[in-house]
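>>> sequence and predicted structure are below.
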Amino acid sequence: MIPRNQCIANIKAGYLFPEIAKRRREYQAAHPDAKIISLGVGNTTEPILPHINAGLVEGARRLGTVDGYSGYQDEGSLELREKISAVFYRGKFKANEIFISDGAKCDIGRLQLLFGAGTAVAVQDPSYPVYVDGSVLIGAAGGVAPDGSGYNGITYLPCTMENNFFPDLSRIPSQCLVYFCSPNNPTGAVASKEQLNALVKTALEKDSLIVFDAAYSEYIRDPSLPKSIFEIEGARQCAVEVNSFSKSAGFTGVRLGWSVVPLELKYATGESVNADWSRVCATIFNGASNIAQAGGIAALDSEGMKEISSLTSFYLGNAKRIRDVLQKLGIQCVGGDNSPYIWAHFPGRDSWEVFSEILDKSQVITTPGAGFGPAGAGFIRFSAFGNRDAVEEACQRLCCIIV
Ligand code: PGU
């Protein structure tokens, strides 16, 4: 048989969330009567709101008509791209700088193809696992270091209580791909304008490229906090941004997102990153579902934006309830105010052990911090995605336990 891709061999164990799902199944099998509640994976639970849903239904209906039928739309609907530019970037991007995708995760994976195996990669630590795992899969990182410091070839930028969850930028190597997520998954921290100014300045000085993941931008309530890297001067020369309708419109299962790749962005050798991205998308991606795009267009008109605001406020209401309980229990935590994640500190504890103890005592699923990188040790992530009754029940149960 043909040999295995060594990059896949380098990846340790399973992807984080299926691993948690496996532990949940095992616990359920051992405790058949347990009513498990998940505050684990960040998966939306609430129905899609009526105006946006009507957009999806209308999109499906049109496909059944002679005039409304559409087939492949590689670059995505022009109307949707123009709306994204108008709503999120004050019209500052042309339609050919916005690429419609089937979600931010998929684009994060595909973007790696632009840079390939030789690229230096830096991540906030902890971080959304796809940045690191994707880098290992493409060969930009090697195997796991035996001392528990993570994957060889990845520069981990610790984000801790001590630095207020914003990393020391001087550690970013030159000519590096820097993944940066704000509002952050998993810490819930949101970078300020000054912090993002410093990030862009560093990237420009070090000839590095930022992949800015803004998947939770619609959770920002503090108007002083930037929702996009492109609010920062100089970002067009050093950043791409990915975003998604998953967590704002409840499209986790519908699948719709976008990436912004400015025309000004150039490789060290002067070629256009935008042109290459267009080539990659045309070659291995056939565009997002036309039905999903019709839903996205509805989501971005004034009625749809009101629904996005109300849905994200609902999840932020859950976040507040969870955070209040943790604080009452004397557990130090951050996040949950401009983000749907709460990052709780269990100093000196193994986070998989804390995960199991919480599950055992309260039948609540969480996510162990260690799954997000070495600096996640001693932390637990609580997700605010859940029906209100389930979240309130989880809070009551958590109130009664001491971990
Ligand atoms: N970016 C970030 C920072 C995320 O946290 C997630 C989902 C995505 C992108 C995915 O966006 P899509 O547009 O839906 O592709 N994170 C969730 C779900 C787990 C997963 O593997 O994606 C989480 O629990 O972290």
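Done, it's in.

>>> list the contacts of stretch 292-306.
Outside stretch 292-306, the residues within contact range by C-beta atoms under 8 Å, 6 or more residues apart in numbering are 48, 51-56, 58-60, 62, 73, 76-77, 79-80, 83-84, 87, 100, 102, 245, 248-249, 251, 254-256, 307-308. Placement of C-beta: from N, CA and C, glycine included.

>>> run a quick neighbour tally on Glu26.
Number of residues near Glu26 (other C-beta atoms under 10 Å) recorded here: 10.

>>> wait, Ala394 touches Leu39, no?
Yes. Using C-beta atoms under 8 Å, Ala394 makes contact with Leu39 at a distance of 5.8 Å.

>>> show me just the buried residues among the contacts of stretch 292-306.
Among the contacts of stretch 292-306, those scoring as buried are 48, 51-56, 58-59, 73, 76-77, 80, 83-84, 87, 100, 102, 245, 248-249, 251, 254-256, 307-308 (criterion: 16 or more other C-beta atoms under 10 Å).

>>> domain parsing for this protein?
Domains of the chain are assigned by automatic domain parsing as 6-48+304-399, 52-302.

>>> mutual contacts of Ala394 and Leu39, please.
Joint contacts of Ala394 and Leu39 (C-beta under 8 Å, 6+ apart) are 322, 364, 386.

>>> tell me which residues touch Ser259, please.
Ser259 neighbours (C-beta under 8 Å, 6+ apart): 98-99, 101, 107, 111, 240-243, 277.

>>> let's see it at 7 Å
99, 101, 107, 240-242 (C-beta atoms under 7 Å, 6 or more residues apart in numbering).

>>> can you put the residues you listed in a markdown table and add distance to the ligand, secondary structure and neighbour count?
Below are these laid out as a markdown table (distance: C-beta to the nearest ligand atom, whole Å; DSSP: H, G, I helix; E, B strand; the rest coil; neighbours: other C-beta atoms under 10 Å):
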| residue | distance to the ligand | secondary structure | neighbour count |
| --- | --- | --- | --- |
| Phe99 | 13 | strand | 28 |
| Ser101 | 8 | strand | 23 |
| Asp107 | 8 | helix | 27 |
| Val240 | 14 | strand | 25 |
| Glu241 | 11 | strand | 26 |
| Val242 | 7 | strand | 26 |
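
>>> what's the helix or strand for Trp343?
Per DSSP states H and E: Trp343 is located in strand 341-345.

>>> now swap in Tyr131 and tell me
helix 129-138.

>>> now do that helix: which elements does it pack against?
Packing partners of helix 129-138 (3 or more C-beta pairs under 7 Å, 6 or more residues apart in numbering; DSSP states H and E): helix 6-10, helix 104-111, strand 120-125.

>>> count residues in the vicinity of Gln175, would you?
When neighbours are counted by other C-beta under 10 Å, Gln175 registers 14.

>>> can you tell me how far it is from Ala203?
For Gln175, the distance to Ala203 (C-beta to C-beta, to the nearest Å) stands at 11 Å.

>>> can you check Leu16 too?
In terms of C-beta to C-beta, Leu16 sits 27 Å off from Ala203.

>>> the more surrounded of those two?
Taking other C-beta under 10 Å, Leu16 and Ala203 do not tie; Ala203 has more neighbours (23 against 19).

>>> what are the phi and psi values at that one?
Here is the backbone geometry of Ala203 (degrees, to the nearest 10): phi -60, psi -40.

>>> please verify my assumption that it contacts Leu177.
No. Assessed by C-beta atoms under 7 Å, Ala203 is found out of contact with Leu177, at 10.0 Å.

>>> list residues touching both of the two?
With C-beta under 7 Å, 6+ apart, Ala203 and Leu177 have common neighbours Leu209.

>>> which residues touch the most centrally placed residue in the chain?
The chain has Ala215 as the residue nearest its centroid, 5.0 Å off, counting by C-alpha atoms, centre = their mean. Ala215 sits next to 104, 243-244, 246-247 when contact means C-beta under 7 Å, 6+ apart.

>>> over to Leu398?
Contacts for Leu398 were tallied using C-beta under 7 Å, 6+ apart; they are 325, 362, 364.

>>> which residues does the first one contact?
With contacts defined as C-beta under 7 Å, 6+ apart, the neighbours of Val325 are 395, 398-399.

>>> how far off centre is the longest helix along the chain?
Assignment by DSSP state H gives helix 302-328 as the longest helix of the chain. Taking C-alpha atoms, centre = their mean, to the nearest Å, one finds helix 302-328 lying 17 Å from the centre of the chain it belongs to.

>>> whichever helix or strand comes after that helix and the ligand, are they touching?
In the C-terminal direction, the helix or strand that comes right after helix 302-328 (DSSP H and E) is strand 333-335. No. Using C-beta under 6 Å from any ligand atom, strand 333-335 stays clear of the ligand, with a minimum separation of 12.5 Å.

>>> quick one, phi psi at Ala141?
Main-chain torsions, Ala141, degrees, to the nearest 10: phi -130, psi 160.

>>> report the angle between the longest helix of the chain and strand 341-345.
Compare the direction of helix 302-328 with that of strand 341-345 by axes from the mean of the first three to the mean of the last three C-alpha atoms, to 10 degrees and you get 10 degrees.

>>> what parts of the stretch 101-250 of the chain come near the ligand?
For the stretch 101-250 of the chain, the residues in contact with the ligand (C-beta under 6 Å from any ligand atom) are 103-106, 128, 181, 185, 213, 215, 244, 246.

>>> sitting in helices, which of the contacts of stretch 292-306 do you find?
Residues of the contacts of stretch 292-306 located in helices (DSSP H): 51-56, 58-60, 62, 79-80, 83-84, 87, 248-249, 307-308.

>>> what would stretch 198-214 look like as PDB? C-alpha coordinates only.
Extracted in PDB, the C-alpha atoms of stretch 198-214 (Å, rounded to 0.1, in the frame of the first residue of the first chain):
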ATOM      1  CA  ALA A 198       0.800  46.900  18.400                       C
ATOM      2  CA  LEU A 199       0.000  43.600  16.700                       C
ATOM      3  CA  VAL A 200      -0.200  45.200  13.300                       C
ATOM      4  CA  LYS A 201       3.000  47.200  13.900                       C
ATOM      5  CA  THR A 202       4.900  44.100  14.900                       C
ATOM      6  CA  ALA A 203       3.600  42.100  11.900                       C
ATOM      7  CA  LEU A 204       4.700  44.900   9.600                       C
ATOM      8  CA  GLU A 205       8.100  45.200  11.200                       C
ATOM      9  CA  LYS A 206       8.700  41.500  11.100                       C
ATOM     10  CA  ASP A 207       7.300  40.900   7.600                       C
ATOM     11  CA  SER A 208       4.700  38.600   9.100                       C
ATOM     12  CA  LEU A 209       1.100  37.900   8.100                       C
ATOM     13  CA  ILE A 210      -1.800  37.900  10.500                       C
ATOM     14  CA  VAL A 211      -4.700  35.500  10.100                       C
ATOM     15  CA  PHE A 212      -7.300  37.300  12.200                       C
ATOM     16  CA  ASP A 213     -10.200  35.200  13.300                       C
ATOM     17  CA  ALA A 214     -13.200  37.400  14.100                       C
END
